[in-house]
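1. Turn this into a structure:
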Amino acid sequence: MTESPPNIRPPTNEEIREIANDHHMTLSEEEVADFAAVIDEILDGYERIDELPDPTPEVKYHHRDPGYKPGPEEDPLNAFVTKCEVPGADDGPLSGYEVGLKDSVSVAGVEMTLGSKLFEGYVPSTDATIVTRLLDAGATITAKLNMEDMALSGSGELSATGPVLNPRDEDHIAGGSSSGSAAAVAAGEVDVAIGGDQGGSIRIPAAWSGIVGHKPTHSLVPYTGIAGLGRSFDHAGPMCSTVEDCARVLDVIAGADGLDPRQGQVPTQEYVDGLDSDPEEITVGVLEEGFDHEQSENGVDRAVRSALDSFESAGAEVTEVSVPMHLDGLPIWNAIGLEEIAATVDAECVGHYGNGYYDTQFADAFGRARRAQANDYLTTMKLTLVLGEYLADEYRGHYYAKGQNLSRQLAAAYDDVLADVDVLAMPTTPQTAHEVDRDISRVEAIDRALNMLPNTAPYDITGHPAASVPAGTSDGLPVGLMFVGDAFDDATVLQAAEAFEQSVDPEL
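-> Numbers count the residues shown, from 1 in each chain. Coordinates of the predicted model:
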């Protein structure tokens, strides 16, 4: 997919009328003629815009292996899009680490597909900020990892290349949307991985695949160079075999980059140095509303409560807490997410109206792809665009605006409880991994893509940091326990997660 600058041309008179109609205006013939003349003059200056070079972030490490797509024998889980080798600095805190990236993260010279047919052959010319930081820290990028098509599913079965299998049980799927990231870490194919999280897409596959996944506080990790769904809930973070590795990666990638419009003042902490495996240092609020959902499996709830009992026996202070509004979290996420995703797609996946870096190469490619291949959208994307556009137009953005207002109220409700405990705790997902089913209907696929979100999605819209850690099994499948903490206090969340990891038998 090659890129070339657009050739500016003025709209025709008919196009002027159509655009006016879209804005509920009816223009007279005289207005159309006058506007056409003025537009011609305005667009003369756009030729100069075309002539000026487009400022882009520097690519620091120039050895680029474009890599290859491994076959089924080499990649039995379907975890990889590309195997590659992009070495970083000679030393650093991640020296010797092989890092895989969700295939929504730009790496210059390496194909980026977003798990979709629409972007096959697209090769970025810039690195995401976190890629530069990983390479500066001595890491080697060895993989672009599979994901749900354009990240709009939590199941792990809706990549354009088919389901990503669960390395703990290949009759089940890995969870999504960062499916390949979880599978590759759990299978030992990479040391650590980067995932993205808009509704739970780091924590869901971490829970289902039996690894650790940390969704940082919103804006702590710059999203520059990563394809997003909505600026108010885009997150990127580490997926690892241990909490310590998550902390080590977060030490490297956290902090403002001056380019991401999601970021303002971004306080960072010492994440590895802040780890303390003494459970007696941790107070845990077990969130009553995190259990016994309509989708909940008894075995998952039992496993999490048993693990928390063991944590308490090891010295942690554990108490029951209640946030009734937690049960409204998913409807509030829907009110925000549906309209914001539709608007993001309409803005060529780079958005509008924020100070920061705009990837014009990706915007051009995204815009061409969606105009030519929208019929290839994932079924959940089609539904989101139809419903999001309908709600925005029919109700004039009312529900999006109220959803954003309610998200602040929800955040305050969590904060009130967190004033008395270090972290909240609950099952990451209400169920274990779905079984592989290659013959599901469209409606079943939508349900299986979204039915694991009630505990994860609320913290994407409130921005609280949340980590999923393995907490035993149910019917032989991994169960995740999620710890949630105060905004920008990721260190305490990781401290609690490591104390749990070091003191509780993960096979419980």
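2. going forward, measure contacts and count neighbours with C-alpha atoms only.
-> OK.
3. which stretches of the stretch 351-500 of the chain form strands?
-> 423-427, 466-474, 477-484 (DSSP state E, counting those that start in this stretch).
4. for the chain, that is, sorry about that
-> Using DSSP state E, the strands of the chain run over residues 65-68, 80-87, 98-102, 140-145, 165-166, 169-173, 192-197, 212-215, 235-240, 283-287, 317-321, 423-427, 466-474, 477-484.
5. mind listing what's buried in stretch 472-487?
-> By 16 or more other Cα atoms under 10 Å, the buried positions in stretch 472-487 come out as 472-474, 477-487.
6. between those, which is closest to Val323?
-> Val323 has its nearest neighbour among the buried residues of stretch 472-487 in Val484, at 13.0 Å by Cα to Cα.
7. what's the closest one in contact with, if anything?
-> Val484 sits next to Val423, Leu424, Ala425, His464, Pro465, Ala466, Ala467, Val493 when contact means Cα atoms under 8 Å, 6 or more residues apart in numbering.
8. looking at the sheet around it, what are its partners?
-> Leu424, Ala466 (DSSP bridges).
9. Report the separation between it and Ser313.
-> Computed as Cα to Cα, to the nearest Å, the Val484 to Ser313 distance reads 21 Å.
10. Could you do Ser277 as well?
-> Distance of Ser277 to Ser313, given as Cα to Cα: 14 Å.
11. ok, those two, which is more surrounded?
-> Ser277 (18 against 15; other Cα atoms under 10 Å).
12. Just give me how far the helix or strand of the chain with the lowest mean pLDDT sits from the chain centre.
-> When each helix and strand of the chain is scored by mean pLDDT, DSSP states H and E, helix 46-51 comes last, with a mean of 90. Its chain's C-alpha centre and that of helix 46-51 lie 35 Å apart, by Cα atoms, centre = their mean, to the nearest Å.
13. Restrict that helix to CA atoms and write it as PDB.
-> Below are the C-alpha coordinates for helix 46-51, written out as PDB (Å, rounded to 0.1, in the frame of the first residue of the first chain):
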ATOM      1  CA  TYR A  46      -3.200  24.700   0.100                       C
ATOM      2  CA  GLU A  47      -0.800  24.200  -2.700                       C
ATOM      3  CA  ARG A  48       1.800  25.600  -0.400                       C
ATOM      4  CA  ILE A  49       0.800  23.200   2.300                       C
ATOM      5  CA  ASP A  50       1.500  20.400  -0.200                       C
ATOM      6  CA  GLU A  51       5.000  21.800  -0.900                       C
END
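14. So what's the residue count around Ser177?
-> 36.
15. so it touches Glu157, yeah?
-> No: when contacts are counted by Cα atoms under 8 Å, Ser177 is not listed as touching Glu157 (9.0 Å).
16. okay, and the common contacts of the two?
-> Residues touching both Ser177 and Glu157 by Cα under 8 Å, 6+ apart: Glu148.
17. who touches Leu378 in this structure?
-> Neighbours of Leu378 in contact, by Cα under 8 Å, 6+ apart: Asp149, Met150, Leu152, Leu158.
18. Glu317: which of those residues is nearest?
-> Leu152 (37.5 Å).
19. Now do the same contact list for that closest one.
-> Leu152 makes contact with Ser177, Leu378, Thr380, Met381, Ala449 under the criterion Cα under 8 Å, 6+ apart.
20. separation between the closest residue to Gly115 other than its chain neighbours and Met452?
-> In space, and not counting its chain neighbours, Gly115 is closest to Asp149: 4.5 Å by Cα to Cα, 6 or more residues apart in numbering. Distance of Asp149 to Met452, computed by Cα to Cα: 17 Å.
21. Low-confidence regions, this protein specifically.
-> 1-6, 506-508 (pLDDT under 70).
22. which ones are touching the residue nearest to Gln265 when sequence neighbours are not counted?
-> For Gln265, ignoring the flanking residues on the chain, the nearest one in space by Cα to Cα, 6+ apart is Ala256 at 7.4 Å. Residues near Ala256 by Cα under 8 Å, 6+ apart: Leu220, Val221, Pro222, Gln263, Gly264, Gln265, Val266.
23. so what's the fourth one closest to, chain neighbours aside?
-> Which is Gln263. Ser219 (5.1 Å).
24. ok, now how distant is the one you found from Glu348?
-> Plainly put, Ser219 is 21 Å away from Glu348 if you go by Cα to Cα.
25. more neighbours, the two?
-> Taking neighbours as other Cα under 10 Å, Ser219 and Glu348 compare with Ser219 leading, 25 against 19.
26. Pull the contacting residues for that one.
-> Going by Cα under 8 Å, 6+ apart, Ser219 touches His235, Arg262, Gln263, Gly264, Val266.
27. switch to 10 Å and redo it
-> By Cα atoms under 10 Å, 6 or more residues apart in numbering, the residues touching Ser219 are 231-236, 254-256, 260-266, 463, 488.
28. before we move on, the earlier item: buried only: go through the contacts of Leu378 for me.
-> Among the contacts of Leu378, those buried by neighbour count (16+ other Cα under 10 Å) are Asp149, Met150, Leu152, Leu158.
29. hang on, isn't Ala372 packed against Lys117?
-> No: counting by Cα atoms under 10 Å, Lys117 is not a contact partner of Ala372; they are 11.5 Å apart.
30. Between these two, which has more neighbouring residues?
-> A direct count of neighbours by other Cα under 10 Å for Ala372 and Lys117 places Lys117 higher, at 18 against 11.
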